[in-house]
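>>> sharing a sequence plus its predicted fold:
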Amino acid sequence: MPDKQASNDIGEQLRAIRAKRGYLLPHHGLMAVTDPELLSAYDATYTALTLAERGLSRHDHETVWLAILIATDEALATHHIPKFLDAGGSEEEFARILSLTAFLKGFGAYRFIEQHWRGHLAGIDVEQAYLQGFTTAAQGLDDRLAHLCAVSVHTCAAAWDGLVWHLCAAYRAKVPETELAEALSLTLFPGSVPYFVEAAAVWRQLILDERVTPSAAFRAWAEIAGQGGYDEAKANSQP
């Protein structure tokens with residue numbers, strides 16, 4: 001049982017988080033009681049990821065967040081709705097985000113056709129059919145922003161084939177790489193760190209396979225060897 005000073009420290013830490021965010025969640029208190037250093041590091045990461053101004057405007061940032069939260073059934077994160085509205089979004093625009101996300105969550109239908117019925121439908125380009133459906137579903141939204149939502153939703157769903165198709169489409173549409181990277185980073189908490197890792201690996205392989213034309217910085221990242229994790233490192237260490 002924590003002593004009075006420890007209780008005061010816990011309360012102070014949680015009050016600071018509430019003041020910064022405007023709310024508290026149960027895991028904040030749990031970390032405050034059991035591992036204050038972990039809570040501090042977590043809060044710093046969350047602040048840099050979610051609250052700090054990076055490349056995307058606040059409106060675009062919150063738009064991508066909404067698509068991710070809808071895609072991951074994240075019911076508790078209602079604070080992103082007023083954030084979106086305060087940043088200039090509207091309920092009409094929200095309805096468009098909802099329609100787009102619903103379409104993206106249905107990507108499995110395109111995968112099914114591509115994997116199982118492709119040989120019976122020689123006249124159909126399934127990837128092109130998907131992109132046509134995306135264009136229809138994204139009507140009323142900024143094209144660049146719709147692409148950012150799409151790569152993020154596919155990452156949350158571990159739809160790596162969909163991510164491949166859509167990263168290629170985003171490059172063709174000249175969506176800035178830094179904006180794509182920022183949008184993907186928002187999947188870290190609701191989508192999971194492993195999915196973000198895999199999304200980065202998918203993107204890197206597209207560059208190495210020359211399926212997209214990257215900037216110099218992104219090409220330099222892709223060409224760095226030894227990014228295959230523990231298994232690759234262990235295999236390379238064998239005599």
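Cool, the structure landed. Numbering: from 1, shown residues only.
>>> pull out the buried positions in stretch 136-154.
Of the residues in stretch 136-154, 137-138, 141, 145-154 count as buried by neighbour count, 16 or more other Cβ atoms under 10 Å. Heads up, the C-betas are built off the backbone N, CA and C, glycines and all.
>>> quick one: Arg179 from Lys20, how far?
Just so we're on the same page, residue 179 is Glu rather than Arg. For Glu179, the distance to Lys20 (Cβ to Cβ, to the nearest Å) stands at 25 Å.
>>> out of those two, which sits in the busier spot?
Counted by other Cβ atoms under 10 Å, Glu179 and Lys20 do not tie: Glu179 has more neighbours, with 20 against 12.
>>> which residues touch the more buried one?
For Glu179, the contact set (Cβ atoms under 8 Å, 6 or more residues apart in numbering) comprises 55-56, 60, 144, 148.
>>> for Val175, same thing?
144, 147-148.
>>> per the record, what domains does the protein have?
Following automatic domain parsing, the chain resolves into domains at 1-52, 55-225.
>>> show me what counts as buried in the lowest-mean-pLDDT helix or strand in the chain.
One helix or strand of the chain scores below all others by mean pLDDT, DSSP states H and E: helix 4-21, with a mean of 75. For helix 4-21, the neighbour count (16+ other Cβ under 10 Å) marks 10, 13-14, 17, 21 as buried.
>>> one more: stretch 102-111?
By 16+ other Cβ under 10 Å, the buried positions in stretch 102-111 come out as 103-105, 107, 110.
>>> farthest-separated two in those?
Greatest spatial distance in the buried residues of stretch 102-111: Lys105 and Tyr110, 11.7 Å, computed using Cβ to Cβ.
>>> quick one on the thing from earlier: closest one of the buried residues of stretch 136-154 to Ile207?
Closest to Ile207, out of all of these and judged by Cβ to Cβ, is Val151, at 14.6 Å.
>>> element containing the closest one?
In the assignment (DSSP states H and E), Val151 maps to helix 143-156.
>>> nearest to Asp231, of the domains of the chain?
That would be domain 55-225 among those, by Cβ to Cβ, at 12.6 Å.
>>> how far away from the center of its chain is the closest one?
The chain centroid and the centroid of domain 55-225 are separated by 8 Å under Cα atoms, centre = their mean, to the nearest Å.
>>> how long is that domain end to end?
End-to-end span of domain 55-225 (Cα to Cα, to the nearest Å): 28 Å.
>>> pLDDT of it, averaged?
Averaged over domain 55-225, pLDDT sits at 96.
>>> mind listing what the nearest residue to Ala183 once chain neighbours are set aside touches?
Closest residue to Ala183 apart from its sequence neighbours, by Cβ to Cβ, 6 or more residues apart in numbering: Leu148 at 4.0 Å. Contacts for Leu148 (Cβ under 8 Å, 6+ apart) come out as 56, 60, 63-64, 170, 175, 179-180, 183.
>>> can you select the buried ones from those residues in PyMOL?
Here is the PyMOL command that selects only those of the contacts of Leu148 that count as buried (16+ other Cβ under 10 Å):
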select buried, resi 56+60+63+64+170+175+179+180+183
